[in-house]
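J.: Structure of the sequence below:
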Amino acid sequence: MKQKIDRLAAHLLSLSNRRERVDLFPHVNLDGDALGSALALLLALEKLSVAVRLPLDEPVPPKLDFLPALAKISPVDTAGTGWMTQPEHTLALLLDCADPQRTGKREPGCVLASERWVLDHHIARRPLGETELVDTGAAACAELVYDLLRSLEMQSGIPLLGPDEKMLLMTALISDTGGFVYSNTSARSFTIAADLIHREMDLRQITYRLFHQSSLARLRLKGYFCSQARFSFDDRIVSAAVDPATLDLYQATDDDLDGMINELKNVAGVDLAMILRLQADGQIRVNLRTSTAIDASQLAALFGGGGHPRAAGMTLEGWSLVEAETMLLQKAGDALSHPCA
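T.: Have a look, this model is predicted:
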């Protein structure tokens, strides 16, 4: 992986002071790792005089509005094509995802780029090309971006990890490791965190904003989930579903659902927790959290989704909430009957 990181770093440096542009494409439904990693890389490339852009067609989640460099984001209207205007050469760099479809409505801009690279840590369900850097041993995309920035520093001789970059990468790392408590946390995660931390960094603020800050709407929504959650298969599986009308009832937004699945998964004896969210366009977003008894990524892959063995997700179309939940419970029950390693 180091050789691939070094090769990507050298290629990015070759774009310094050129007309070529790098477009960064984190996945849809931004989380702390995707956004923090993208912004940190954007700031670093700017220091290297590389033309770079972070096009987004969705708002920054409120829990992440404390991050530095948010003004660097390029809001795009994907209803038109003007934002996809290309210079002579454009490099699309996917972050925290490996498939252009995971960039949502920005996919055409990603596909039309002159070349495409990937920096990701999720399990791939297809053969990977030479420009697709996927390390499933990394706890977060932030770890790969950190390695990339260190390689860029070595090759350019320019310091890149300033206070803002460190803040962004630390937020990304804390986000995807659950504050260094998820099973993906490794010695490498702590080594990187030790290098990122500095006296002015407020770790308490990062953790509070990511995991603990609540709202009245979220508190009431939590009560709804606790009362409506359904337990199946000898209480080993817990599921809950929510539609736009319920969110309106509690004056909540989709952002208020963040972390709710962990509340369900933390019930003793639960091997799988899943939350189904009906979107306004009829799609159903599904989040999964599992114990070692079920591989969440394999279950999600059955429906075109993906992720990690303990945490994964997917998007379903053409189903009602009841139909989708019934179908998922059946597949999950089958998975329980064939335990994974």
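J.: going forward, measure contacts between C-alpha atoms and count neighbours the same way
T.: Fine.
J.: Walking through the stretch 1-150 of the chain, point out its helices one by one.
T.: 2-13, 32-47, 107-111, 141-156 (DSSP state H, counting those that start in this stretch).
J.: Pull the contacting residues for residue 311.
T.: By CA atoms under 8 Å, 6 or more residues apart in numbering, residue 311 lies in contact with 287, 288, 289, 290, 296, 297.
J.: 7 Å - rerun?
T.: Counting by CA atoms under 7 Å, 6 or more residues apart in numbering, residue 311 touches 288, 289, 290, 296, 297.
J.: How about residue 176?
T.: Contacts for residue 176 (CA under 7 Å, 6+ apart) come out as 33, 139, 140.
J.: and with 8 Å instead?
T.: Counting by CA under 8 Å, 6+ apart, residue 176 makes contact with 32, 33, 139, 140.
J.: Please identify the helix or strand for it.
T.: For residue 176, the host element (DSSP states H and E) is helix 163-177.
J.: And for residue 317, the neighbour number?
T.: 12 (other CA atoms under 10 Å).
J.: residues in contact with the residue lying closest to it once chain neighbours are set aside?
T.: The shortest distance from residue 317 to any non-neighbouring residue, by CA to CA, 6 or more residues apart in numbering, is to residue 283 (5.0 Å). Counting by CA under 8 Å, 6+ apart, residue 283 touches 315, 316, 317, 318.
J.: Same question for residue 300.
T.: Taking CA under 8 Å, 6+ apart, we find residue 300 in contact with 288, 306, 307, 312, 313, 314.
J.: Which of the residues you listed fall within strands?
T.: 288, 306, 307, 312, 313, 314 (DSSP state E).
J.: Now do stretch 28-36: distance to the chain's middle.
T.: The chain centroid and the centroid of stretch 28-36 are separated by 5 Å under CA atoms, centre = their mean, to the nearest Å.
J.: Residue 11 - how many residues pack around it?
T.: Neighbours of residue 11 (other CA under 10 Å): 12.
J.: Do a quick rundown of the strands in the stretch 101-250 of the chain.
T.: For the stretch 101-250 of the chain, the strands defined by DSSP state E, counting those that start in this stretch occupy 115-120, 132-134, 230-232, 237-242.
J.: got JSON lines for these, with mean pLDDT, distance to residue 62 and mean neighbour count too?
T.: Converted to JSON lines, the strands of the stretch 101-250 of the chain look like this (pLDDT from 0 to 100; distance: least, CA to CA, whole Å; neighbours: other CA atoms under 10 Å):
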{"stretch": "strand 115-120", "mean pLDDT": "96", "distance to residue 62": "24", "mean neighbour count": "21"}
{"stretch": "strand 132-134", "mean pLDDT": "94", "distance to residue 62": "29", "mean neighbour count": "21"}
{"stretch": "strand 230-232", "mean pLDDT": "95", "distance to residue 62": "29", "mean neighbour count": "14"}
{"stretch": "strand 237-242", "mean pLDDT": "95", "distance to residue 62": "20", "mean neighbour count": "22"}
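J.: Please identify which of those is closest to residue 266.
T.: strand 237-242 (10.4 Å; CA to CA).
J.: okay, that closest one in PDB with CA atoms only?
T.: C-alpha atoms of strand 237-242 as PDB (Å, rounded to 0.1, in the frame of the first residue of the first chain):
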ATOM      1  CA  ILE A 237     -32.100  -8.900  15.900                       C
ATOM      2  CA  VAL A 238     -33.700  -5.500  16.600                       C
ATOM      3  CA  SER A 239     -35.100  -3.400  13.800                       C
ATOM      4  CA  ALA A 240     -36.800   0.000  13.600                       C
ATOM      5  CA  ALA A 241     -38.200   2.000  10.700                       C
ATOM      6  CA  VAL A 242     -39.000   5.700  10.300                       C
END
